[in-house]
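[1] sequence plus predicted model, see below.
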Amino acid sequence: MSASSRDTNEFFDQLTNQVLALRVATHQRLRPLTNEQLNRRPSFDKWSVGQCLEHLNIISGYYLPSIKAQLQLAKAKGSAAGPKVRSGWLGRRLTESARQSRELADIFRVRKQYAPTGVRLTGTVVEAFNRQLDELLRLLLLARQVDAGTVRISNPIYPWLRLRLTDVLERLLAFYQRYIRQAEEILVTNATKAMSE
């Protein structure tokens with residue numbers, strides 16, 4: 001199947017709006033949480049809100065520096081943005097899998113190196129995630145200036161798999177949205193349990 005193409009400005013505007021919406025959500029709903037609220041797990045086998053954020057911070061810690069380096073390289077080579085950005089078939093499939101519900105996504109367990117380790121997390125995990133969102137906004141501005149469909153980013157698990165930047169950005173945002181939704185569901189579950197006790 002051939003790669004799909006979309007208007008460059010619309011593509012990056014959509015991603016930017018998604019990052020801004022996540023920034024507002026984390027600032028309003030997650031930043032005010034106490035350490036106890038960040039660390040409370042709905043059950044033994046479920047993550048806490050803080051662990052969801054720590055997982056995203058770990059993923060961002062790999063992807064964002066890699067994206068930045070590849071964007072700088074593309075810029076140095078004289079890459080320029082075109083009217084359309086392209087995404088590939090595999091990238092679209094992987095992005096769609098990232099958007100799936102947690103139950104379906106749990107089939108693909110989180111690898112140990114990307115799993116959260118913190119059990120006594122503080123509000124710094126929220127601040128770190130907000131800094132990651134700010135960095136992603138800066139990278140989206142840089143990505144608008146190059147041919148983002150030709151920039152390739154290595155997968156952290158399979159480094160030989162190099163996806164288009166457009167696909168990596170969409171997939172990263174899908175992960176962010178999924179785990180922030182999971183964090184919000186945890187807050188609701190914990191609040192419901194606290195009311196019934």
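    Arrived safely. Numbers count the residues shown, from 1 in each chain.
[2] which SS class is Asp167?
    Using DSSP: H, G, I helix; E, B strand; the rest coil, the structure places Asp167 in helix.
[3] contacting residues for it?
    Asp167 makes contacts with 87-88, 90-92, 94-95, as judged by C-beta atoms under 8 Å, 6 or more residues apart in numbering. To be clear about C-beta, it is placed using only N, CA and C from the backbone, and glycine gets the same treatment.
[4] and stretch 86-105, average pLDDT?
    The average of the pLDDT scores along stretch 86-105 is 67.
[5] circling back: report the buried members of the contacts of Asp167.
    If you count burial by 16 or more other C-beta atoms under 10 Å, the buried members of these come out as 87-88, 91-92, 94-95.
[6] looking at those residues, which are in strands?
    Ser87 (DSSP state E).
[7] out of the buried ones among the contacts of Asp167, who's nearest Ala69?
    Proximity of those to Ala69 (C-beta to C-beta) peaks at Gly91, which lies at 19.1 Å.
[8] low-confidence stretches in the protein?
    1-3, 91, 99, 101-119, 197 (pLDDT under 70).
[9] still on that earlier bit, want to throw the contacts of Asp167 into CSV with distance to Glu10?
    Shown next, in CSV, are these (distance: C-beta to C-beta, whole Å):
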residue, distance to Glu10
Ser87, 13
Gly88, 18
Leu90, 22
Gly91, 18
Arg92, 16
Leu94, 21
Thr95, 17
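[10] list just the nearest of those residues to Ala25.
    Among the contacts of Asp167, and counting by C-beta to C-beta, the member closest to Ala25 is Thr95, at 20.2 Å.
[11] what sits against the closest one?
    Counted by C-beta under 8 Å, 6+ apart, Thr95 has contacts 167, 170-171, 174.
[12] where exactly do the helices run in this structure?
    8-25, 35-39, 49-76, 89-99, 102-105, 124-143, 165-196 (DSSP state H).
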